[in-house]
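Student: Next one to model:
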Amino acid sequence: MLESQYELNKLFSTVIKLFQDQGANDISKVLKAAVISSEMGHYDNWNGGTEYYSIYIDVDATLFSFYEEQLSIIEEKIKEKLEILLRGVESEKIGAIIIRPVVKQYIDWASVSDRTTKVDFLEKLNRIKSILISVATGGPKIQTVNEEYKNLYNELYSIFETLQLNNPNRYKDLWEWYGYWRSGDLPSYQSRRKYISDLYIDVIDQIEKSSDTVPIDQPFEITGWERVDRGTSEIRKRMSEAQTEEQFQAVGLLSREVFISLAQEVYDSEIHISTDGVNASKTDAKRMLDAFLSYELVGPSNVAYRRYAKSALDLANDLTHRRSASIHEASICVIAVISLVNIVKVITNKSNIRF
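Tutor: Sure, this is the predicted structure:
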């Protein structure tokens with residue numbers, strides 16, 4: 001059973017369902033985002049023979065980092081669930097559960113933001129491809145475009161180095177390229193076009209699939225409020241991965257959840273009376289935070305803080321309903337969330353010092 005990927009997928013589909021039903025959403029989240037595989041570690045021929053398997057759960061590095069401190073506990077809980085499902089199967093046992101980060105090339109566009117963007121870099125790669133193909137297929141003479149080519153090559157080479165990507169093009173000069181195609185290995189125009197296209201196909205695919213989202217540098221310190229901290233870390237992670245409108249909208253949705261968690265941590269219905277006289281529900285973050293700020297911060301400055309809280313919450317609400325949500329709107333939303341969490345934490349620390 002454990003050697004079959006089909007059976008393994010069914011087992012883990014059931015494990016995810018069990019965790020979801022029991023409210024262990026963190027574990028189910030890890031498993032849903034994972035690529036799962038198995039490998040037989042050793043064979044014990046005692047009493048008919050038993051195969052011991054290691055189960056590998058490969059997750060994105062960001063998700064791995066977020067849950068790293070809890071991994072040993074998560075691995076043990078997953079093993080317990082699998083052993084329940086394997087009751088009665090004496091020939092196969094779980095040797096180990098291993099959660100590990102996926103090893104892949106991560107592209108940090110922020111490191112080259114002063115020189116290029118993802119779109120600009122792709123345009124330059126396509127331009128250098130075009131030059132290589134055109135001079136080798138009856139296009140312009142080398143001497144008319146060689147300077148442009150060399151300058152472009154050096155610019156791209158520097159960016160490749162910073163991004164720690166392999167530059168597939170070894171031709172620093174068009175005459176070097178001429179010497180190669182004239183050697184006889186690429187006798188036809190078609191063979192030269194194919195050679196250059198194949199040369200760049202992997203790195204272009206890698207770049208196109210990368211996220212060009214700029215990381216949120218807004219400082220954030222752990223508050224000690226578990227749901228708030230977990231939610232804030234999650235929106236930062238989602239923001240670092242988001243590429244589509246739907247993913248940016250999801251950042252706004254998660255931001256609203258953080259506001260609700262934040263409000264539930266600090267709101268006390270006995271002392272925090274809503275300014276409009278309407279009792280706040282358990283999910284009415286805007287009204288709860290407004291009541292909290294009005295009570296905790298006496299004086300004219302209350303107005304500014306209340307306005308800030310309302311504006312930040314409105315940003316999140318607007319983003320979740322905007323079909324054209326963009327990286328810029330989502331970034332502003334995340335910054336607003338983190339800023340408000342930091343402000344509320346400062347207020348609670350101050351309010352605890354009373355004489």
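
Student: Name the next helix or strand downstream of whichever helix or strand L315 is part of, please.
Tutor: When elements are assigned from DSSP states H and E, L315 belongs to helix 301-321. Note on helix 301-321: by DSSP H and E, the next helix or strand toward the C-terminus is helix 327-351.

Student: Could I get the pLDDT score of D185?
Tutor: At D185, the model reports a pLDDT of 87.

Student: That one: neighbouring residues, count only.
Tutor: 10 (other C-beta atoms under 10 Å). (Glycine included, C-beta is placed from N, CA and C.)

Student: Kindly report the same for the one 3 residues further on.
Tutor: By other C-beta under 10 Å, 10 other residues sit near S188.

Student: next one: phi and psi at it?
Tutor: The phi and psi torsions at S188 (degrees, to the nearest 10) take the values phi -110, psi 160.

Student: now the nearest residue to K310 once chain neighbours are set aside: how far from V266?
Tutor: For K310, ignoring the flanking residues on the chain, the nearest one in space by C-beta to C-beta, 6 or more residues apart in numbering is K286 at 6.4 Å. With distances taken as C-beta to C-beta, to the nearest Å, K286 is found 14 Å from V266.

Student: Would you check that the residue nearest to K310 makes contact with R307?
Tutor: No - the criterion here is C-beta atoms under 8 Å, and K286 misses it with R307 at 11.9 Å.

Student: quick one: which of those two has more around it?
Tutor: Each of K286 and R307 has its neighbours counted (other C-beta under 10 Å); K286 has more, 20 against 12.

Student: I'd assumed the more buried one was in a helix, is it?
Tutor: Yes - counting by DSSP: H, G, I helix; E, B strand; the rest coil, one finds K286 located in a helix.

Student: can you tell me how far it sits from P300?
Tutor: Taking C-beta to C-beta, one finds K286 at 21 Å from P300.

Student: same thing with P187?
Tutor: Separation of P187 from P300 (C-beta to C-beta): 82 Å.

Student: neighbour count winner among those two?
Tutor: Legend: neighbour count by other C-beta under 10 Å for P187 and P300, higher for P187 (11 against 7).

Student: So the more buried one lies in a strand, does it not?
Tutor: No - read with three-state DSSP, P187 is coil and lies in no strand.

Student: and it, how far is that from D229?
Tutor: Relative to D229, P187 is positioned 64 Å away (C-beta to C-beta).

Student: where does A96 land in three-state SS?
Tutor: Secondary structure, three-state DSSP: A96 is strand.

Student: do N126 as well
Tutor: helix.

Student: And it, what's its pLDDT?
Tutor: pLDDT, read off for N126, is 96.

Student: contacting residues for it?
Tutor: Listed by C-beta atoms under 8 Å, 6 or more residues apart in numbering, the contact set of N126 is empty.

Student: what is the rounded mean pLDDT of stretch 27-41?
Tutor: Mean predicted lDDT for stretch 27-41 stands at 87.

Student: Can you get me the start-to-end distance on that stretch?
Tutor: 24 Å (C-alpha to C-alpha, to the nearest Å).
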